[in-house]
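Asker: predicted model follows, preceded by the sequence.
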Amino acid sequence: MNSDRNGLGGWRAGHPSPGLGGRRGMPDVPLYPSLYTAAGMILVLAISLVLVVVLAFLFSKSPGRTLWFFFLGPLRDRYQFGNMLNGAVPLILGGLGVSIAMRANNFNLGGEGQLYAGAFVSTIIAVALGRGTGSFAGSPGLAWLGAAAALLAGTVFAGAAAWISGFCRARWNTSELITSFLISGSLVLIVDYLVTGPFMDRTTNLLSTEKIPEAFRFPLILPPSNLNAGFYCALGLVVLVSVFLFWTRTGYEIRMTGGNEFFARYGGIETGRITMYAMFLSGAFYGLAGGFSVYGTYYATIKEFSSGLGWNGLATALIARFRPVLILPAAVFFAWIGAGARMAMQFSDVTLEIASVVQGLILLLATSQVLLNIFKRSAPR
């Protein structure tokens with residue numbers, strides 16, 4: 001028999017009362033990593049890079065050329081370097097979204113669909129606002145307002161998609177892993193249909209929507225690369241999320257809910273509300289990542305342009321151990337590895353499969369709790 005209360009702010013349906021030793025959930029992680037945790041992460045990254053060298057000698061006929069393009073290719077000129085940093089922007093935003101959800105002990109696996117849908121909604125609204133005489137694209141002031149409104153709409157839509165999973169968990173104790181993944185898959189199929197059907201741009205050979213007005217686009221900051229002002233916005237959001245999680249009451253409630261849900265309820269925190277709120281913010285950051293990709297890089301929603309970005313955002317958060325201050329270096333590292341793998345594949349004899357294996361090994365090692373705990377065991381108690 002389950003005597004727990006049903007309700008959005010109270011006990012979750014389906015959970016037996018955990019007692020004083022209740023279900024702990026995710027332990028609260030401090031803002032900054034300890035010296036031993038940082039040493040463990042450095043060890044993991046060092047082993048990952050050594051494996052890259054080993055694989056290059058095993059599978060490449062010209063390992064020196066392969067390693068040069070893998071490690072230094074993304075840094076060799078401003079075009080490659082700027083594109084690498086630009087590729088880190090959606091990873092930063094996606095990683096922040098995952099980190100917020102994980103702080104509340106929620107798992108948002110719907111990043112792919114949320115990012116794609118957020119990009120699409122932002123695009124069609126931006127296109128609509130930029131049409132006709134007297135449109136929002138007519139003057140700089142109105143252009144900023146129209147761009148912000150379209151970006152906000154895509155962000156809220158993606159957040160609402162994730163909120164549904166949070167609501168189902170809070171109300172019926174439905175696993176948010178399953179619901180977020182299923183909703184994401186549905187969103188991807190729906191957006192694919194809309195992009196290649198009713199909203200397809202018939203004037204181009206691409207399977208994409210119309211392009212957003214030029215007045216709505218982010219200014220470039222390192223031409224001829226695609227790096228744009230969205231990178232600065234992403235940096236600012238890293239700071240804001242850090243402040244939010246560690247210096248505000250709501251951030252404390254999110255961390256307390258994730259650390260020990262039973263204790264949080266005992267302390268008067270409405271854990272159901274916090275669950276929905278954290279999931280909404282997680283989806284909103286994914287939607288923002290999609291909007292930034294459109295405003296700064298593609299200028300339209302291209303069919304399947306976001307494939308893999310949602311999972312890479314999750315990987316970034318795993319590497320950073322859900323610490324906002326580490327999301328930036330983790331995203332840049334992941335973007336560097338991805339850009340290096342692509343360049344090695346393009347300019348040497350490394351195949352796409354080998355490049356994917358390298359990325360998978362690095363992710364596996366970077367998220368290995370065993371290796372990260374090597375230095376923790378020697379920490380003074």
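Answerer: The structure has been received and is ready for your questions.

Asker: what is the neighbour count of residue 49?
Answerer: Residue 49 is flanked by 14 other residues according to other Cβ atoms under 10 Å. For glycine as for every other residue, the C-beta is placed from the backbone atoms N, C-alpha and C.

Asker: isn't residue 237 up against residue 92?
Answerer: Yes - Residue 237 is within contact range of residue 92, at 7.5 Å (criterion: Cβ atoms under 8 Å).

Asker: so which of these two has more stuff around it?
Answerer: The neighbour comparison of residue 237 against residue 92 (other Cβ under 10 Å) goes to residue 92, with 31 against 18.

Asker: who are the packing partners of the host helix or strand of that one?
Answerer: Using DSSP states H and E, residue 92 sits in helix 78-103. Applying 3 or more Cβ pairs under 8 Å, 6 or more residues apart in numbering; DSSP states H and E, we find helix 78-103 packed against helix 111-129, helix 230-247, helix 249-259, helix 271-293, helix 309-319, helix 324-347.

Asker: now the helix ranked longest in the chain: buried residues?
Answerer: In the chain, taking DSSP state H as the definition, the longest helix is helix 140-172. In terms of neighbour count (16 or more other Cβ atoms under 10 Å), helix 140-172 has its buried residues at 142-143, 146-147, 150-171.

Asker: again, but for stretch 252-269
Answerer: Across stretch 252-269, burial judged by 16+ other Cβ under 10 Å covers 253-265, 269.

Asker: now the two most distant members of the residues you listed.
Answerer: Across the buried residues of stretch 252-269, the longest distance by Cβ to Cβ is 15.8 Å; it joins 254 and 262.

Asker: hang on, the earlier thing: between the buried residues of stretch 252-269, which is closest to residue 207?
Answerer: The shortest approach to residue 207 among the buried residues of stretch 252-269 belongs to residue 254, at 39.0 Å (Cβ to Cβ).

Asker: contact partners for that closest one?
Answerer: Contacts for residue 254 (Cβ atoms under 8 Å, 6 or more residues apart in numbering) come out as 100, 103-104, 245, 274, 277-278.

Asker: just give me the closest of the residues you listed to residue 126.
Answerer: Each of the contacts of residue 254 was checked against residue 126 using Cβ to Cβ; the closest is residue 100, at 25.9 Å.

Asker: among the helices and strands packed on helix 78-103, which comes closest to residue 221?
Answerer: Across these, the minimum distance to residue 221, taken as Cβ to Cβ, is reached by helix 230-247, at 6.9 Å.

Asker: the closest one vs helix 324-347, what angle?
Answerer: 150 degrees (axes from the mean of the first three to the mean of the last three Cα atoms, to 10 degrees).

Asker: using CSV, list the CA coordinates for helix 230-247.
Answerer: The C-alpha trace of helix 230-247 is given here as CSV (Å, rounded to 0.1, in the frame of the first residue of the first chain):
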residue,chain,number,x,y,z
GLY,A,230,26.1,34.5,-29.6
PHE,A,231,29.5,33.3,-28.1
TYR,A,232,29.5,36.4,-25.8
CYS,A,233,25.9,35.7,-24.8
ALA,A,234,26.8,32.1,-24.0
LEU,A,235,29.7,33.3,-21.8
GLY,A,236,27.3,35.6,-19.9
LEU,A,237,24.8,32.8,-19.4
VAL,A,238,27.5,30.6,-17.8
VAL,A,239,27.9,33.3,-15.2
LEU,A,240,24.2,33.8,-14.8
VAL,A,241,23.5,30.1,-14.3
SER,A,242,26.3,29.9,-11.7
VAL,A,243,24.8,32.8,-9.8
PHE,A,244,21.3,31.4,-10.1
LEU,A,245,22.2,27.9,-8.8
PHE,A,246,24.5,28.9,-6.0
TRP,A,247,23.3,32.4,-4.9
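
Asker: for it, buried residues please.
Answerer: Across helix 230-247, burial judged by 16+ other Cβ under 10 Å covers 230-231, 233-234, 237-238, 241-242, 244-246.

Asker: so who does the nearest residue to residue 111 once chain neighbours are set aside touch?
Answerer: Leaving aside its chain neighbours, residue 111 sits nearest to residue 310 (2.9 Å; criterion: Cβ to Cβ, 6 or more residues apart in numbering). By Cβ under 8 Å, 6+ apart, the contact list for residue 310 reads 94, 110-116, 184, 286.
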